[in-house]
Every structure is written in C-alpha cells, then in structure tokens.
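Peer 1: model this:
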Amino acid sequence: MSIGEKASQGFFSFLTRNIISRFMGLISLFILARKLSPYDFGLVSFTDILLMFIAVFGSTGLNQFLIAYKKDDINEILKASFWFNIILSLGIIILFFALTPFWAASKHDDRIINLAFISGITFFIGQMQVVPQSILSRNLDFKTTVKIQNPFIIIIPIAKIIAALMGLGVYSLTIPTLMFIPIQTYLYYRAVGWKFDWNLYTHRWKEIYHYTKHLIGNSLLTRIMEDGDKFILTSFLGIKYLGIYNMAYQLSSFVGLNFVSISQTVLASVLPKYTEDLPKMKEHFLSFTKVLSFFTFPVIILMAIFAKPIILATNGEKWLEVVIPFQILSIYALVRSITSSRGSVLNALHLNKISFKLNLIYTPLHVLFSVFFSYYTGIIGLSISVVFLRIVFGFIGMKETMNALGGNLKEFLLTLVLPLKIISLTCIPSILLMYILPFEIFDDFINQLIGLHFEKGNAIIYATLLFMCSFVFYILIVRILFKKDINEIYLFLERSNKKISVIFKKIFKN
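Peer 2: Numbers count the residues shown, from 1 in each chain. Sure thing, here's the model as predicted:
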C-alpha cells in the first residue's frame, strides 16, 4: 500500500472516530449545559488557562521531532525523548501547583485548587502518551491509534453525564477524564510493545531541545493567542462571560476543529516522507484541503445560520447569550478548518520559524485588541476583533506556506472555489426556510398538535429539520449544477475508502 493510500485511509479512520466523538460530545454537552451554569464552565476554563500557559514549555514539538527523525538510532532517541518529556512534565505540574493558590485567590473560589489538582495529574498522565503515539504515527499505523481512542470517546462523555446526574457539579467536567486516561496510556504502550530503560540519555536532550525550541516559542505565542482573550475577558466581565465565550468557541469549532486535528495528525505523519519531492507534497496538501472544505464548509456555515435553535436544543434558554458570539466565531472556524494544517507543512520542512515570526507580530496585536474591545464593546466586539485578526494572519501564513511548497496563495484559494459556490447557493433556500417557518410558529404548531408544551424537544426537532432540509438542498445543488466538478473529490475518496466512495457516488453523482 502506498504512503498516499495509507494517509487517505488514516484520514477516514480518524473521520469515523471524530463523528462518533462529536455525537457523544453533543449529547454530553446537551445534558451538562442544562445541569451546570455558564459560571461552572467558565471556572474550569479559567483553571486550565494557567496550566496551558505553563505546559507549552514541556513536550511541545516532541511528537513532530520523533516523526520527522530519520537517523538509524531511533530507539535511543525515543528513550531520550521519554525521559526528556517526563522531567519537563514534572517540572510543569510542580510549577502549576505552586501558582494555583494565587490563581484561585484572584477569583475568590477555592474550587479552582481542586480542579487544578485534577487537571495537573490528567495532564501528566496524558503527556506520557507522546512517545507511543509518535511510534504509531511514524509507522502510519492510524488504525491502531483509532482502535485505542474509540472506546474512550464514548466512555468519557457518558461518565461525565453520570457524574453530573450524581450531583458532582463542576467536577463532572474533569474527574471522568482523570479516571480513564491512565487506561488509555497503558493501551498505547502495550500496542507498540516499547519499553523504556533507566538510562536518561541526557546527552541527547540538547538535540531534542534544538528542534523544539522554536516550536515552544511558537506555542507560547499561540497559547497567548488562544487564551489571552479569555483571560482578559474574565478580568473585565467575569467568569460567567468566560463560560459563555468558551461555549461559543466550542460550538463554533465543533466540526472544524476536529477536521483540523485529523488533517494535522495525518499530514504530520505523511508529509515528512515527501520532503525531497515538493510538488508531491503540495499535491497531497491541496487534495486534503479540497476534500476538507467540501465536507466542513456546509456544516460550519449552516450551524452558524441555525445558531439560535441549536442553542435552545442543546443548552436551553439560559445560554442564549452564546448565539451571536457563536455566529461570529464560526467565521474563524471556517477559515481555521482549512488553514491550520499549514503547520504540518512547515514542520515537515523544518521551517517552523515562519510560524514563530508571524505569531511574534500577531500576539501583541491580539492582546491589544482583546483589552480594547473587551473593555469598550464586551463579548461581541471581542469576538469580531479576534476573528478579523486571526483570518488576516491565517491567510498570510498560508501564503508563506504555499511559497515554501513552490506554489502561491492563488493555488490554495482555487481549491476553495467549488465548496464556496455550493454552500453559497445552499444558504439561500436555507435562510428562506428559517424565515418562512420561524421556531416560534413551529413550536406553537407542535404544541397544538400534541397538546403539550415541550420547548426543548421541539427545538431539537426544529434544528434537525432545518439541517435535513439544508443538506437536501446541498445535494440537489451539487447534482444539478456541479456534478462534473466534484470528480476530483470522488477520485480521492475512491483511492481512500471504497465504501465511502460508493456512498458518495450514489448521493452526489448517480
């Protein structure tokens, strides 16, 4: 089997996993959001901000280093990386635990200390997965990775639901992960059959650090970029609005971020194989982008259009303040779904300095915008400013990436033309449908029909109906106007997964 075929199969293995994960995540979010308050969600997010800032000094880039490593002494470098990772991770959680009391005192809530203890232990055990995950990725053994992960994407959300129903409150968001991550870590080591020894190989740590240092700097800037606005928002508006903002971000990234994680995982493993053949690397990168955009654009855009019934269905009326930030952040989610994978290209070419330099310019602008707009315009203005900056710098980064591949930004943008045309035409009847049949009229009709007021259930039915109709519109538009244009996507699917290609052909081509 060729590398490209393994990559394609890996893509669809991860896609299947993430569909299950998103489904379970939606169910757990539906229940947890009704059992817990925006403040509870904000409290967990606020606790994790400190850990994530410190954690970037840990094993950032270690996975990429091990995947890209090409020398014959791979076993020794794996062992050195194991201990390098362990020592750094221990240092991270010690510093985290030392700072936590001050972090908790800043918000006058001692539960932050308990949450920090749970998050710190979970982080450390999770860090131990880096080496076996790298071994599987080096071997392009995506099937084993998915096989290990699949049970937990079902078990952990169920455990969170049970914990919430048992009255564990905010701790139901963290304890279940701590319970099961040690089992997952054990399964990774058993799968690769790799054992460490007590030699620390400290003479190899400098080599590891030399590769990761730019990624660490880049990740620190990225962390400020990802969480700086949240911290600033909390300072001005409080933890409740952090919960609202974080929920908007989670929902807007519900689909796109998972496709990003799939493409990054697969591309990070595959692209280093083509460092001597830039045209081939560019071909793989653009093919992934075109397929990703075809599947992600309709879901992300339609979720933004139908934001209000989605929030009513999943979270209830107390979360309606999420709607507008959710719609605004969806714009960024759309762009991020097809630009974030550029990091895999730059890492494969050892050009991570490019990302670092861009983030060095972006980060202070992000902080300044966050302070100004949080203070003067609140959560809505903050969302708009963040989206604007991230989109601008996302495309600047993509331009640099395409240049590194021997191409240009126009080639990248051309891969987006087809999905943009299709979804633009789909939006017209979808928006008309929502205005012709607003939720209030639908809710009244169902209540009169069955003689029972069931707003939560009606919102679920209404949102489902809107999505079903919109995807019918999407399919019809493809079949009528773009049947020949999707042939490249079909060929990609045919090489990747015969069963999926057959389904795709029946839906969009036959």
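Peer 1: Let me see the domain layout of the protein.
Peer 2: 36-226, 253-510 (automatic domain parsing).
Peer 1: Kindly present the ones you listed as CSV, with separate columns for distance to residue 28 and mean neighbour count.
Peer 2: For every residue, glycine as well, the C-beta is placed using N, CA and C. Listed next are the domains of the chain as CSV, based on distance: least, Cβ to Cβ, whole Å; neighbours: other Cβ atoms under 10 Å:
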stretch, distance to residue 28, mean neighbour count
domain 36-226, 4, 18
domain 253-510, 10, 18
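Peer 1: For these, give me CSV that also has distance to residue 235.
Peer 2: Shown next, in CSV, are the domains of the chain (distance: least, Cβ to Cβ, whole Å):
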stretch, distance to residue 235
domain 36-226, 9
domain 253-510, 8
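Peer 1: Now tabulate the ones you listed in TSV and tack on mean pLDDT and distance to residue 232.
Peer 2: Below are these laid out as TSV (pLDDT from 0 to 100; distance: least, Cβ to Cβ, whole Å):
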stretch	mean pLDDT	distance to residue 232
domain 36-226	80	10
domain 253-510	80	4
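Peer 1: Which among the ones you listed is found nearest to residue 238?
Peer 2: domain 36-226 (8.0 Å; Cβ to Cβ).
Peer 1: From the chain's centroid, how far away is the closest one?
Peer 2: 15 Å (Cα atoms, centre = their mean, to the nearest Å).
Peer 1: can you check stretch 478-489 too?
Peer 2: Per Cα atoms, centre = their mean, the centroid offset for stretch 478-489 relative to its chain is 29 Å.
Peer 1: again with stretch 363-383
Peer 2: Counting by Cα atoms, centre = their mean, stretch 363-383 comes out at 23 Å from the chain centroid.
Peer 1: List the residues that contact residue 373.
Peer 2: 381-382, 384-385 (Cβ atoms under 8 Å, 6 or more residues apart in numbering).
Peer 1: and with 6 Å instead?
Peer 2: 381-382, 385 (Cβ atoms under 6 Å, 6 or more residues apart in numbering).
Peer 1: nearest residue to it other than its sequence neighbours?
Peer 2: Nearest residue to residue 373 in three dimensions, chain neighbours excluded: residue 381, at 4.0 Å (Cβ to Cβ, 6 or more residues apart in numbering).
Peer 1: The one you found: what secondary structure?
Peer 2: Secondary structure for residue 381, judged by DSSP: H, G, I helix; E, B strand; the rest coil, is helix.
Peer 1: gap between it and residue 442?
Peer 2: 32 Å (Cβ to Cβ, to the nearest Å).
Peer 1: any idea which of the contacts of residue 373 is closest to residue 194?
Peer 2: residue 382 (45.2 Å).
Peer 1: Pull the residues that contact stretch 73-85.
Peer 2: For stretch 73-85, using Cβ under 6 Å, 6+ apart, the contacting residues are 59, 62, 66, 69, 127, 130-131, 196, 200-201, 204-205, 208.
Peer 1: Let's see that with 7 Å instead.
Peer 2: 59, 62, 66, 69, 127, 130-131, 194, 196-197, 199-201, 204-205, 208 (Cβ atoms under 7 Å, 6 or more residues apart in numbering).
Peer 1: Pull that stretch out as PDB, backbone CA atoms only.
Peer 2: Provided in PDB are the C-alpha atoms of stretch 73-85 (Å, rounded to 0.1, in the frame of the first residue of the first chain):
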ATOM      1  CA  ASP A  73      19.500   5.400  16.200                       C
ATOM      2  CA  ILE A  74      15.700   5.900  16.600                       C
ATOM      3  CA  ASN A  75      15.400   3.600  19.600                       C
ATOM      4  CA  GLU A  76      17.900   5.600  21.600                       C
ATOM      5  CA  ILE A  77      16.300   8.900  20.700                       C
ATOM      6  CA  LEU A  78      12.900   7.500  21.700                       C
ATOM      7  CA  LYS A  79      14.200   6.600  25.100                       C
ATOM      8  CA  ALA A  80      15.900  10.000  25.500                       C
ATOM      9  CA  SER A  81      12.700  11.700  24.500                       C
ATOM     10  CA  PHE A  82      10.700   9.700  27.000                       C
ATOM     11  CA  TRP A  83      12.800  11.000  29.900                       C
ATOM     12  CA  PHE A  84      13.100  14.500  28.500                       C
ATOM     13  CA  ASN A  85       9.300  14.500  28.400                       C
END
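Peer 1: can you pull the contacts of residue 160?
Peer 2: 28, 32, 172-173, 176.
Peer 1: Show me which pair in these is furthest apart.
Peer 2: 32 and 176 (10.9 Å).
Peer 1: Leaving out sequence neighbours, find the closest residue to residue 285.
Peer 2: Nearest to residue 285 is residue 345, by Cβ to Cβ, 6+ apart, at 5.9 Å.
Peer 1: Please, which helix or strand holds that neighbour?
Peer 2: Assessed by DSSP states H and E, residue 345 sits inside helix 342-348.
Peer 1: and residue 86, how far is that from residue 74?
Peer 2: 19 Å.
Peer 1: Revised request: answer the last question for residue 121.
Peer 2: 30 Å.
Peer 1: cool, and residue 329?
Peer 2: 41 Å.
Peer 1: swap in residue 175?
Peer 2: For residue 175 relative to residue 74 (Cβ to Cβ), the value is 37 Å.
Peer 1: Please apply the same query to residue 139.
Peer 2: On the measure of Cβ to Cβ, residue 139 and residue 74 end up 11 Å apart.
Peer 1: hang on, the earlier thing: which among the contacts of residue 373 gets closest to residue 233?
Peer 2: When these are compared against residue 233 (criterion: Cβ to Cβ), the nearest one is residue 382, at 6.1 Å.
Peer 1: from the contacts of residue 160, which is closest to residue 402?
Peer 2: Among the contacts of residue 160, and counting by Cβ to Cβ, the member closest to residue 402 is residue 28, at 38.7 Å.
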